[in-house]
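> Sequence first, predicted model second:
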Amino acid sequence: MAMMNPKGRANYEPNSWSGEAAGPRESPAKGFQSYRADEGRAKLRIRSETFADHYSQARQFYVSQTEVEQKHIADALIFKLSKVERLEIRSHGRPIS
């Protein structure tokens with residue numbers, strides 16, 4: 001449950017409106033810490049390659065919809081994205097040259 005509603009354009013962090021460097025801001029002192037365990041090899045915190053797949057689940061949902069529902073989803077995306085004011089965001093995060 002939210003105890004406080006942040007004020008400003010974006011109510012999440014990190015975001016491109018804060019003016020700070022983008023990317024996660026983890027604190028080793030406060031974040032997840034490993035316990036010492038001697039397993040005879042180095043511990044690695046790596047993500048599976050499937051974490052890089054950002055589209056297959058969304059595609060699976062989209063193709064499961066009827067044509068009318070697909071059109072509604074597409075129209076909603078077009079409407080919402082047309083309201084984005086920052087050109088960098090509208091261009092998929094790529095810098096404008």
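Okay, I see it. The structure displayed is predicted, hence computed values, not measured ones. Residues are numbered from 1 along each chain as shown.

> What about Ile73, how many residues nearby?
Using other CB atoms under 10 Å, Ile73 is surrounded by 14 other residues. Yep, even glycine has a C-beta here, placed from its N, CA and C like the rest.

> which SSE is it in?
Assigned by DSSP states H and E, Ile73 falls within helix 67-82.

> Can I get the following helix or strand past that helix in PDB? Just the C-alpha atoms.
Note on helix 67-82: by DSSP H and E, the next helix or strand toward the C-terminus is helix 87-90. Extracted in PDB, the C-alpha atoms of helix 87-90 (Å, rounded to 0.1, in the frame of the first residue of the first chain):
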ATOM      1  CA  LEU A  87      11.100  13.300 -28.500                       C
ATOM      2  CA  GLU A  88      13.800  11.000 -27.000                       C
ATOM      3  CA  ILE A  89      11.100   8.900 -25.400                       C
ATOM      4  CA  ARG A  90       8.900   8.900 -28.500                       C
END
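
> about what we covered before: quick one: the helix holding Ile73 to chain centroid distance?
20 Å (CA atoms, centre = their mean, to the nearest Å).

> which outside residues touch that helix?
Identification of contacts with helix 67-82 by CB atoms under 8 Å, 6 or more residues apart in numbering yields 62, 65, 90.

> In contact with Gly8, which residues are there?
Counted by CB under 8 Å, 6+ apart, Gly8 has contacts Trp17.

> And for Trp17?
8-10.

> Quick check: of the residues you listed, which lies closest to Arg41?
Distance to Arg41 across these (CB to CB) is lowest for Ala10, with 41.6 Å.
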